[in-house]
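J.: need a structure here:
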Amino acid sequence: MKRLSDELTVSPQMPLAAIDEIAAAGFKTIICNRPDGEDPGQPSFSEVAAKAEAAGMKAIFQPVASGNVSDADADAFAANLTAAEKPIFAYCRSGTRCTILWSLANAGQMQVGDIVKAAAEAGYDMAPLAPRIAARG
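T.: Just a heads-up that it's a prediction; the model follows:
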């Protein structure tokens, strides 16, 4: 789990058994940015949602194809971040897609350097994305 802000932590795919631990850590919402069937053996969103809801969390399905994050995806992620009960736990295959979405969603809300720094501190290199973040701001 990598904390990007007070409101958002991102992660690679977690096993279903980890959802109880995520709830126990105080998270209120899970956002899934992986399409179902992206990898063999990956839990489906319906399985994640059922487990999350049983643990008292809301689950949001916003699948985004790896390597293909659009501005519309970032806008939808921003809307989910605004509307969802916090703190939020978002996951994808590696956490990178979630971090790209967060970075683009925060364009104009945070300084580009602060976005890149927060991502880097969490282990994600968003420096190559800086011009696109700046263009959205």
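J.: okay, now the unreliable bits of this structure?
T.: The model of the chain has no residue with pLDDT under 70.
J.: strands of that one, start to end?
T.: Using DSSP state E, the strands of the chain run over 2-3, 8-12, 29-32, 58-61, 88-92.
J.: ok, which of these comes nearest Ser103?
T.: Closest approach to Ser103 among the strands of the chain is made by strand 8-12 (10.8 Å; CB to CB). The C-beta positions use only the backbone N, C-alpha and C, and glycine is treated the same way.
J.: got the angle for the closest one vs strand 88-92?
T.: 30 degrees (axes from the mean of the first three to the mean of the last three CA atoms, to 10 degrees).
J.: need the CA coordinates for the longest helix belonging to the chain. PDB is fine.
T.: Ordering each helix of the chain by length in residues (DSSP state H) puts helix 71-83 first. Extracted C-alpha coordinates of helix 71-83, given in PDB (Å, rounded to 0.1, in the frame of the first residue of the first chain):
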ATOM      1  CA  ASP A  71      -8.500  12.600 -19.800                       C
ATOM      2  CA  ALA A  72     -12.100  11.300 -19.500                       C
ATOM      3  CA  ASP A  73     -10.800   8.500 -17.200                       C
ATOM      4  CA  ALA A  74      -9.000  11.100 -15.100                       C
ATOM      5  CA  ASP A  75     -12.200  13.200 -14.900                       C
ATOM      6  CA  ALA A  76     -14.200  10.200 -13.800                       C
ATOM      7  CA  PHE A  77     -11.600   9.300 -11.200                       C
ATOM      8  CA  ALA A  78     -11.700  12.900  -9.900                       C
ATOM      9  CA  ALA A  79     -15.400  12.700  -9.600                       C
ATOM     10  CA  ASN A  80     -15.100   9.400  -7.700                       C
ATOM     11  CA  LEU A  81     -12.500  10.900  -5.400                       C
ATOM     12  CA  THR A  82     -14.800  13.800  -4.700                       C
ATOM     13  CA  ALA A  83     -17.900  11.800  -4.100                       C
END
